[in-house]
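> Coordinates for the following, if possible.
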Amino acid sequence: MAHSVHGVRRAAVAGAFYPGDAAQLAHDVDALLAHAVPHQVRPKALIVPHAGYIYSGPIAASAYAAVAAMQPRPTRVVLLGPSHHVGFKGLALPGVDALETPLGVIEVDAALVERVRLFPFVGESQLAHRREHSLEVQLPFLQRALGTFTVLPLVVGLAGPKEVARVLDAVWGGPETLIVVSSDLSHYLPFEQARAVDAHTAERIGALDGTELASEQACGSEPVRGLLVAAREHHLTAQLLDLRNSGETAGDRVRVVGYGAFAFSPAEKA
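Model prediction:
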């Protein structure tokens with residue numbers, strides 16, 4: 001089936017969520033990765049936050065530092081995040097050949113695009129991708145952690161966990177493929193309340209149980225729930241890498257946003 005291709009998706013939040021200058025961006029991301037607490041984990045999938053780097057960068061770095069340490073490193077990234085600006089059903093491809101950040105251009109994985117386009121609930125929407133930061137803020141981290149890779153970027157609208165899990169299953173691949181789900185946790189609660197809510201959410205993610213997970217607990221609840229279904233089916237175990245909120249990184253404690261980083265790895269064989 002022929003489909004439209006429209007060049008490159010330009011960075012929308014460079015200079016806002018992260019530095020727009022390439023040298024400054026590389027420096028900042030490398031510093032975040034260098035300061036991350038090391039975890040002995042080889043993730044197949046990650047959940048990472050997507051706020052401005054001043055807020056959630058240290059938490060995201062705990063996940064990407066584990067990826068940077070992998071040998072060999074993944075060469076394909078399946079990247080899912082929630083839609084913050086456009087309401088739609090299903091999952092949306094960007095309809096472009098590549099994604100750009102100040103650090104350079106990342107090729108969209110044409111083979112994976114063709115594979116997921118076969119699902120009736122996967123469409124194409126440049127509009128859904130144009131201003132969306134949930135995917136974009138992950139790219140500089142991936143560029144510094146992985147070097148060269150291809151990406152399958154999917155913005156997730158109203159989609160059930162089983163639909164998301166079916167898409168993930170179709171592109172699961174082997175060790176060359178890393179799955180990244182972009183999600184923040186609770187929003188605008190007082191500090192202590194947020195810590196309690198986020199701790200409970202982290203516990204449910206650790207148990208691979210997304211049944212109670214709603215957008216109040218995680219703004220990327222749709223892709224997160226889909227990943228948890230897929231993780232169960234593929235016998236992965238979840239590990240909490242970092243759990244903090246904006247009151248602990250760069251904001252006040254009156255209304256905070258929660259951030260968690262989680263790694264999903266194959267269960268160790270006894």
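> would you say residue 100 is within a strand?
Yes. Under DSSP: H, G, I helix; E, B strand; the rest coil, residue 100 falls within a strand.
> For the residue nearest to the spatial centre of the chain, which non-adjacent residue is spatially closest?
In the chain, the residue lying closest to the centroid (Cα atoms, centre = their mean) is residue 182, at 2.7 Å. Closest residue in space to residue 182, ignoring its immediate chain neighbours: residue 81 at 3.5 Å, by Cβ to Cβ, 6 or more residues apart in numbering. Just so you know, the C-beta spots here come from the backbone N, C-alpha and C atoms, and that holds for glycine as well.
> Distance check, the residue nearest to the centre of the chain against residue 60.
9 Å (Cβ to Cβ, to the nearest Å).
> now do residue 67
From residue 67 across to residue 60, the span is 11 Å (Cβ to Cβ).
> neighbour count winner among the two?
It is residue 60, of residue 67 and residue 60, that has more neighbours when counted by other Cβ atoms under 10 Å, with 29 against 24.
> Now do the SS call for the more buried one.
Residue 60 ends up helix, using three-state DSSP.
> How about the contacts made by it?
32, 48, 49, 50, 53, 137, 138, 141, 259, 261 (Cβ atoms under 8 Å, 6 or more residues apart in numbering).
> What of residue 119?
Neighbours of residue 119 in contact, by Cβ under 8 Å, 6+ apart: 91, 163, 166, 167, 170.
> so it sits in a strand?
No. Using three-state DSSP, the assignment for residue 119 is coil, not a strand.
> what's across from the residue nearest to the centre of the chain in the sheet?
residue 48 (DSSP bridges).
> can I assume it is in contact with residue 134?
Yes. Counting by Cβ atoms under 8 Å, a contact exists between residue 182 and residue 134, whose distance comes to 4.4 Å.
> ok, how many other residues are close to residue 207?
11.
> Can you list the residue ranges for strands in the protein?
With strands called from DSSP state E, the chain shows them at 8-9, 45-48, 76-82, 91-93, 98-101, 104-108, 122-124, 150-156, 177-182, 187-189, 236-245, 256-266.
> and the gap between the residue nearest to residue 182 and residue 193?
25 Å.
> Which one of those two is surrounded by more residues?
residue 81 (27 against 11).
> who are the neighbours in contact with the more buried one?
So residue 81 contacts 50, 132, 134-135, 138, 154-156, 181-183, 220, 223 (Cβ under 8 Å, 6+ apart).
> Residue 83 contacts residue 157, correct?
Yes. At 5.2 Å, residue 83 counts as touching residue 157 under the criterion of Cβ under 8 Å.
> which residues are common contacts for the two?
With Cβ under 8 Å, 6+ apart as the test, residue 83 and residue 157 both reach 92, 128.
> got any ranges where this structure has weak pLDDT?
Counting by pLDDT under 70, the chain contains low-confidence ranges at 1-6, 269-270.
> which stretches of it form helices?
Along the chain, the segments classed as helices by DSSP state H run 22-35, 53-68, 110-116, 126-130, 133-136, 138-146, 161-170, 191-206, 221-233, 246-249.
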